[in-house]
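Engineer: One predicted model, sequence on top.
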Amino acid sequence: MSFLGSMGETMRCYALYRNEKLREYGLVGHQYLYVKLVCREPGLTQEKVAKELTFDKSSVARQLASLEEKGYVRRERNPKDKRVHFVYPTEKAMAVMPRLEALTVEYIALIGQDLTSVERKLLDELTEKTNRRAKEAVLEL
């Protein structure tokens, strides 16, 4: 299997794992990423959320609307520019944040249990390097 195929399959497995573990919270798909980002950086604009997570603006708007309905975020319009929305976490989001952080650590430990510390470090470095280039390629479109 190619490098990209292996990465894709690993991420699909993580999605299944994560969805099962987060079912009780009503978080599906990539919604956990939105909650984590907004908890770490309250007051981001929707546009900045899209850029940070590398999702298109319309998908971000839909996901944030869903998270708002579920009580995880609140959006406020910029009084100076009605097209701009600021996104803030709710108490519900802040309360689930430790579980989201733990889930990531748990999964990394699970899939990396057969790797040595040197292999883990190398994998992190190589993945970061390819991720950086992938983001650059998207920004060049």
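Structural biologist: Alright, I've got the coordinates. Residues are numbered from 1 along each chain as shown.
Engineer: Report the central residue of the protein.
Structural biologist: residue 33 (2.2 Å; CA atoms, centre = their mean).
Engineer: how close does that one sit to residue 3?
Structural biologist: Taking CB to CB, to the nearest Å as the measure, residue 33 falls 23 Å from residue 3. In short, each C-beta sits where N, CA and C put it, glycine included.
Engineer: on that earlier part again, quick one, what contacts the residue nearest to the centre of the chain?
Structural biologist: residue 53 (CB atoms under 8 Å, 6 or more residues apart in numbering).
Engineer: Show me what the helix or strand where residue 107 lies is packed up against.
Structural biologist: For residue 107, the enclosing helix or strand under DSSP states H and E is helix 91-111. When contacts are defined as 3 or more CB pairs under 8 Å, 6 or more residues apart in numbering; DSSP states H and E, helix 91-111 sits against helix 3-22, helix 31-40.
Engineer: can you list the residues that contact that helix?
Structural biologist: 10, 14, 17-18, 21-22, 25, 27, 32, 35-36, 38-39, 67, 70-73, 89.
Engineer: Of the residues you listed, select the buried ones using a ChimeraX command.
Structural biologist: This is how ChimeraX selects the buried members of those, with burial counted by 16 or more other CB atoms under 10 Å:
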select :14,18,21,22,25,27,32,35,36,38,39,67,70,72,73,89
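Engineer: Show me what the longest helix along the chain is in contact with.
Structural biologist: Assignment by DSSP state H gives helix 117-139 as the longest helix of the chain. Here helix 117-139 makes contact (CB under 8 Å, 6+ apart) with 3, 7, 54, 112, 115.
Engineer: Over to stretch 5-14?
Structural biologist: 1, 107, 111, 127.
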